[in-house]
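Undergrad: 3D model of this:
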Amino acid sequence: MTTPHHRLDPAGGCPHAANARMLAEGPVAAVVLPGGVEGAAVLGHDTLREFLAHPDVAKDARHFTALAEGRVPEGWPLAAFAAVRGMTTADGADHRRLRSLVSRAFTARRVEELRPRVRELTDSLLDGLERAAEGEEHVVDLRRHFALPLPMGVIGELFGVGADHRDLLHDLSSQVVATDITPERSIAANRELIETLTAFAAAKAADPGDDLTSALLAAHDEDGDRLSHAELIGTLVLMVIAGHETTLNLIVNAVRALCAHRDQLDLVRAGGADWGDVMEETLRWDAPVSYFPFRYPVRDLAVGGTLIPAGTPVLAGYSAAGRDRAAHGRDAYRFDVGRPRRPDAVRTLSLGHGAHYCLGAPLARIEVTTALSGLFARFPDLDLAVPEDRLTRSASFVGNGVRALPVRLRG
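TA: Numbering: from 1, shown residues only. The predicted structure follows:
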């Protein structure tokens, strides 16, 4: 790639202005990652859709040239996305084997059976919002008291993680996905997360229960092959992080969008759209994951008119693709829950595409739609307690969210 490199801000921040600038130059951008590692980001919707399903694009980090040559610094904040063993870093038959093992434990029946529990947990957290609201202003941090404990509670129950471990796992996973973390803290957080999940898995092996961790420990394919220890821990890392961080950001971003677009909230209440439409439009308009690491071309590959050398670490630019006017129209910048359904070719890519499409998408839909419908039914006048531009963004260009969401429950 001979185009000038864009340096991604490790501190994160709102991605949309930078995305628009890069997209104006083309659907693929050369980027500089933390530690001076050169990479690329695929930003255009159609180009990204093609790239995600390209047969010459791999997920296994053995194709990561800079890593293989020792040019990635120790304590690199993005190391976990390359080094973890599991579905997200496997290709071909190995990926199909791992996904099959996990899918058998993560069945549609198990997910659907969680619906009443998600509703029950939502109602309980809404009661907690009332209690946590401060004084006569009825102000509360929605992220802390609702958007975080809901998916963390669901994924905790699904995998048999006790409530006493959930705060620690959230704190560690937040550090693992942070891009402005120091090398020393990155190494320590990754080590502690692995050690915590290893001890948890050992306890489950000794005393299995009716949960997905126990099911994963017992799962095997038709040839009797089981998850290796590294694959099991890698799968738990994936499920804990993706299972709550993404849904957390999605709930928060949907609430922010609806508070800023009261006409869209009114449209839902009038029956002109439903909460599923709100979720889909939020996925497009303000994706919960901005730049997802990594994929690697296994040969020099022409992508959207740009040549990406083999072994380049490539980010999937979901937040950019969602506002790509070439795919979503001139009004792609506008939040519109009544946006007409488009052909599959231009649906949102924020949950992935192709063989690595998000396995937890059905569960996320149950959680997000239940959360939003319950929240605005209980607090119809809910609004932000501070201006949007005063919200502090998450310290990562991987996730797309805010650190706190102060809301006023009543007008």
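Undergrad: Could you pull up the residues touching the residue nearest to residue 250 when sequence neighbours are not counted?
TA: Closest residue to residue 250 apart from its sequence neighbours, by CB to CB, 6 or more residues apart in numbering: residue 288 at 4.3 Å. Heads up, the C-betas are built off the backbone N, CA and C, glycines and all. When contacts are counted by CB atoms under 8 Å, 6 or more residues apart in numbering, residue 288 touches 245, 246, 247, 248, 249, 250, 253, 350, 399, 400, 401.
Undergrad: Which parts of the stretch 251-400 of the chain are helices?
TA: Secondary structure of the stretch 251-400 of the chain, counting by DSSP state H, counting those that start in this stretch: helices at 262-269, 275-285, 318-322, 325-328, 361-378.
Undergrad: now what about the third one, what contacts it?
TA: Put plainly, it is helix 318-322. For helix 318-322, contacts defined as CB under 8 Å, 6+ apart pick out 15-16, 19, 22-23, 41-45, 48-49, 283-287, 289-292, 327-328, 332, 348-350, 400.
Undergrad: again, only this time at 7 Å
TA: Applying CB atoms under 7 Å, 6 or more residues apart in numbering, the contact partners of helix 318-322 are 15-16, 19, 22-23, 43-45, 48, 284-285, 287, 289-290, 292, 348-350, 400.
Undergrad: and it, how far from the chain's centre?
TA: Distance of helix 318-322 from its chain centroid, counting by CA atoms, centre = their mean, to the nearest Å, is 13 Å.
Undergrad: what about that helix, average pLDDT?
TA: The predicted model assigns helix 318-322 a mean pLDDT of 97.
Undergrad: Excluding residues flanking it in the chain, which one is nearest residue 275?
TA: Closest residue to residue 275 in three dimensions, ignoring its sequence neighbours and counting by CB to CB, 6+ apart: residue 369, at 4.2 Å.
Undergrad: How about residue 54?
TA: Spatial nearest neighbour of residue 54, excluding adjacent residues (CB to CB, 6+ apart): residue 301 at 7.2 Å.
Undergrad: And the one you found, how far from residue 56?
TA: According to CB to CB, to the nearest Å, residue 301 stands 6 Å off from residue 56.
Undergrad: Low-confidence stretches in the stretch 1-150 of the chain?
TA: 1-4, 105, 136 (pLDDT under 70).
Undergrad: switch to 80 and redo it
TA: Applying pLDDT under 80 to the stretch 1-150 of the chain flags the ranges 1-4, 104-107, 110, 134-137.
Undergrad: how about the strands in it?
TA: Secondary structure of the stretch 1-150 of the chain (DSSP state E, counting those that start in this stretch): strands located at 6-7, 28-33, 37-42, 57-58, 139-141.
Undergrad: Reformat the ones you listed as CSV; add distance to residue 71 and mean neighbour count.
TA: As requested, the strands of the stretch 1-150 of the chain are arranged in CSV below (distance: least, CB to CB, whole Å; neighbours: other CB atoms under 10 Å):
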stretch, distance to residue 71, mean neighbour count
strand 6-7, 17, 13
strand 28-33, 12, 23
strand 37-42, 7, 23
strand 57-58, 19, 22
strand 139-141, 41, 20
